[in-house]
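Engineer: Dropping a prediction and its sequence here:
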Amino acid sequence: MKRLLPILVGFGVIFGSPAQAGINLYCQDKMATGFIKDERTNSWKIKKFELKSYKIQFDNKYSTLRGVMFLPAKCNSPYKNASRLLFCVHTFPTHEIFIFDKNSQRYTFSEVTGGYALNNSDAEILHVGTCKKL
């Protein structure tokens with residue numbers, strides 16, 4: 001058995017998929033809208049954005065989210081009377097927020113970069129949609 005253990009561990013490392021650990025979901029936008037700067041007129045306009053889909057993963061405690069933002073996001077449920085609602089925030093380099101309802105599987109994803117406040121060309125986008133288990 002002692003000789004078999006390293007072989008089994010090796011197979012686990014080679015063939016095991018870290019994407020299978022945790023809670024894996026496929027999420028799809030229903031709507032995406034926001035603001036974009038028109039460089040010709042130097043003014044901001046409302047715009048519909050391309051709908052996106054995401055393969056996301058929460059850890060088993062719903063404390064970390066991967067697959068939506070550039071970096072993993074830290075998640076928490078700040079409301080005692082609505083513990084099903086998660087707020088996942090990543091703070092570098094922007095403060096994107098993914099709000100997720102564990103019961104309804106609905107989300108709101110805010111790609112707010114500060115473009116309007118800084119008056120640069122970064123778009124401010126809000127996505128809403130639903131997820132389903134993979």
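Structural biologist: It's in. Computed from a prediction, not measured in an experiment: that's the story for all the values here. Numbers count the residues shown, from 1 in each chain.

Engineer: C-alpha only now, for contacts and for neighbours.
Structural biologist: Fine.

Engineer: What is the longest strand seen in the chain packed up against?
Structural biologist: If you go by DSSP state E, the chain has its longest strand at strand 23-38. On a contact count with 3 or more Cα pairs under 8 Å, 6 or more residues apart in numbering; DSSP states H and E, strand 23-38 meets strand 43-48, strand 53-58, strand 124-133.

Engineer: So which bits of the longest one are buried?
Structural biologist: So that's strand 124-133. Residues of strand 124-133 classed as buried by neighbour count (16 or more other Cα atoms under 10 Å): E124, I125, L126, H127, V128, G129, T130, C131.

Engineer: which stretches of this protein have low pLDDT?
Structural biologist: Low-confidence segments of the chain (pLDDT under 70): 1-20.

Engineer: repeat that with 50
Structural biologist: Residues of the chain meeting the criterion pLDDT under 50: 1, 4-19.

Engineer: where does the residue sitting nearest the centre point of it fall, phi/psi-wise?
Structural biologist: Closest to where the C-alpha atoms of the chain average out (Cα atoms, centre = their mean) is V68, at 3.1 Å. Dihedral angles phi and psi of V68 (degrees, to the nearest 10) take the values phi -110, psi -50.

Engineer: quick one: it and K30, what's the gap?
Structural biologist: Distance of V68 to K30, given as Cα to Cα, to the nearest Å: 16 Å.

Engineer: Over to I97?
Structural biologist: From I97 across to K30, the span is 17 Å (Cα to Cα).

Engineer: These two: which is more packed in?
Structural biologist: I97 (22 against 13; other Cα atoms under 10 Å).

Engineer: Show me what that one is bridged to.
Structural biologist: For I97, the beta-bridge partners are V89, S110 (DSSP bridges).
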